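>>> Need a 3D model of the sequence below.
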Amino acid sequence: MNLFGRRPPAPLTPLDPSRLSGLLELCALDPVVGVALAHQVLRWPSWARGDVVADDPWRPTAAAWASGSLIPVGLSARPELGHPGAGPEVARALAAHARRRLTSHGSVAGAVEDVAAVWEHLAAEGVHSREERWEQPLLVAPQVSGGALADEASTRRPGLAWAAADVHRATPAEESLVLPASVDMFTGELGYDPTASGSSYASHVNWLIASGRSYVLLDDGAGAPCQADGPRAVAFKTDVGALWSAPGGAVAQLTGVWTRPDLRGRGIGSVALAAVVDAVRRDHVGMDGTVSLYVNSFNAAGLGLYASLGFRRVGTFATVLL
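This next block holds a predicted model:
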């Protein structure tokens with residue numbers, strides 16, 4: 001019995017690390033959208049057969065990371081980029097391939113049109129969602145003359161200049177502080193404790209810190225600068241969740257933006273995030289590089305924070321939580 005209609009699914013080709021040039025060219029059509037897939041395939045020196053698939057191994061129209069979660073790129077047409085889209089046959093084939101790989105607490109995430117194209121077929125075959133977030137504005141940070149977004153933010157809130165000055169890459173010695181903050185962020189965002197099922201999330205936090213991709217602001221636990229030998233707590237954190245030196249310029253995607261609940265609404269998150277954007281440009285993408293993030297449409301506080309710093313919308317993501 002053909003579960004996907006009368007016509008058989010279009011074939012997909014499993015890729016290996018030696019055949020990534022076409023996939024990366026596809027991601028480069030819109031690097032802010034493609035950075036997550038490019039980062040994922042370049043991060044791992046090897047993967048299981050079928051974890052990375054494309055409709056054409058050398059000149060793909062669509063491709064995806066397909067393991068416990070699914071990251072599709074290229075399924076939908078982008079006329080403004082000269083991209084025709086892969087069409088429903090490829091979306092159906094990708095759904096058939098991914099269906100047996102998706103896991104509980106996995107996700108389908110990417111540009112809203114790509115997620116919708118494949119989710120139609122996954123849902124029709126009985127894959128259930130825990131939550132569907134179809135409106136996640138994709139934003140990029142502004143370029144500031146002189147390159148210091150934190151200077152502008154501190155000028156508006158002069159009493160918080162210390163926050164801009166104290167933002168830094170988390171160190172291994174600070175991991176015991178960063179992990180609980182990361183767990184609180186994750187639990188609040190996705191609705192479950194990521195450490196309840198094993199050590200993989202703690203290992204991921206460790207990797208982010210070790211690779212210089214976790215940025216934190218520490219305070220004294222009450223919203224003031226740390227004092228020598230005094231108490232310390234994470235006031236703000238975010239991570240460079242995806243990073244890629246795309247042909248047209250490096251791109252970073254921030255994830256896990258979090259301000260400690262007792263400090264929200266006081267401006268610390270705004271100043272700290274501005275300082276992180278400056279730091280990510282300094283450390284990872286260069287002054288002309290792109291720093292992006294996406295946010296849930298129902299997160300009014302987050303949207304207000306990003307707007308206050310001059311972030312502009314360049315697209316829409318969607319995430320289906322499984």
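>>> Could you use CA atoms for every contact and neighbour count after this?
Will do.
>>> mind listing the helices for the stretch 151-300 of the chain?
Assigned helices in the stretch 151-300 of the chain, in chain order: 161-166, 175-190, 200-210, 268-280, 300-308 (criterion: DSSP state H, counting those that start in this stretch).
>>> Highest mean neighbour count out of those helices?
Comparing the helices of the stretch 151-300 of the chain by mean neighbour count (mean count of other C-alpha atoms under 10 Å), helix 268-280 ranks first with a mean of 26.
>>> Check the offset of that helix from the chain's centre.
Remark: helix 268-280 is offset 17 Å from the chain centroid, using C-alpha atoms, centre = their mean, to the nearest Å.
>>> Same check on stretch 232-252?
9 Å.
>>> buried sites along it?
Of all the residues in stretch 232-252, those buried under the rule 16 or more other C-alpha atoms under 10 Å are 232-246, 250-252.
>>> returning to what we had before: identify whichever of the helices of the stretch 151-300 of the chain lies nearest to G106.
helix 175-190 (10.7 Å; C-alpha to C-alpha).
>>> what's that closest one in contact with?
Applying C-alpha atoms under 8 Å, 6 or more residues apart in numbering, the external contacts of helix 175-190 come out as 170, 192-195, 202, 205-206, 209, 216, 233-234, 237, 256-258, 260.
>>> A117: which of the helices of the stretch 151-300 of the chain is closest?
Of all these, helix 175-190 sits nearest to A117, with 23.0 Å by C-alpha to C-alpha.
>>> between the closest one and helix 200-210, how many degrees?
Going by axes from the mean of the first three to the mean of the last three C-alpha atoms, to 10 degrees, helix 175-190 is angled at 120 degrees with respect to helix 200-210.
>>> Please tell me how far the closest residue to P17 other than its chain neighbours sits from F311.
Nearest residue to P17, sequence neighbours excluded (C-alpha to C-alpha, 6 or more residues apart in numbering): S46, at 6.5 Å. Taking C-alpha to C-alpha, to the nearest Å as the measure, S46 falls 36 Å from F311.
>>> between the two, who's got more neighbours?
Shown here are S46 and F311; by other C-alpha atoms under 10 Å, F311 has more neighbours (20 against 12).
>>> was I right about the more buried one contacting A141?
Yes: contact criterion C-alpha atoms under 8 Å: F311 and A141 qualify, at 4.5 Å.
>>> Okay, P72 and V271: tell me how far apart.
Separation of P72 from V271 (C-alpha to C-alpha): 34 Å.
>>> same deal with P17?
Shown here: P17 relative to V271, a distance of 40 Å by C-alpha to C-alpha.
>>> now swap in P88 and tell me
45 Å.
>>> got it, and P79?
Per C-alpha to C-alpha, P79 is found 38 Å from V271.
>>> One more: V140?
To V271, V140 is 17 Å away according to C-alpha to C-alpha.
>>> Which ones among the contacts of helix 175-190 map onto strands?
216, 233-234, 237, 256-258 (DSSP state E).
>>> And the lowest-mean-pLDDT helix or strand in the chain, how far out from the chain middle?
Among the helices and strands of the chain, helix 149-156 carries the lowest confidence by mean pLDDT, DSSP states H and E, at a mean of 91. Relative to its chain's centre, helix 149-156 lies at 25 Å (C-alpha atoms, centre = their mean).
>>> With stretch 218-236 instead?
28 Å.
>>> Tabulate the CA atom coordinates of that stretch in PDB.
Only the C-alpha atoms of stretch 218-236 are listed here, as PDB (Å, rounded to 0.1, in the frame of the first residue of the first chain):
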ATOM      1  CA  LEU A 218      26.900  38.000  35.800                       C
ATOM      2  CA  ASP A 219      25.500  40.100  38.700                       C
ATOM      3  CA  ASP A 220      25.500  40.000  42.500                       C
ATOM      4  CA  GLY A 221      22.100  38.200  42.500                       C
ATOM      5  CA  ALA A 222      20.200  41.500  43.000                       C
ATOM      6  CA  GLY A 223      20.800  43.300  39.700                       C
ATOM      7  CA  ALA A 224      24.100  45.100  40.600                       C
ATOM      8  CA  PRO A 225      27.600  44.400  39.500                       C
ATOM      9  CA  CYS A 226      29.500  41.600  41.100                       C
ATOM     10  CA  GLN A 227      31.900  42.400  43.900                       C
ATOM     11  CA  ALA A 228      35.200  40.700  44.600                       C
ATOM     12  CA  ASP A 229      34.500  37.500  46.500                       C
ATOM     13  CA  GLY A 230      30.800  38.300  46.500                       C
ATOM     14  CA  PRO A 231      27.900  36.200  45.300                       C
ATOM     15  CA  ARG A 232      27.500  35.700  41.500                       C
ATOM     16  CA  ALA A 233      24.500  34.700  39.400                       C
ATOM     17  CA  VAL A 234      23.700  34.700  35.700                       C
ATOM     18  CA  ALA A 235      21.700  37.800  35.000                       C
ATOM     19  CA  PHE A 236      21.500  37.300  31.200                       C
END
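>>> Can you point out the buried residues in it?
Buried residues in stretch 218-236, counted by 16+ other C-alpha under 10 Å: 218-221, 223, 225-226, 232-236.
>>> swap in stretch 26-43?
Of the residues in stretch 26-43, 26-41 count as buried by neighbour count, 16+ other C-alpha under 10 Å.
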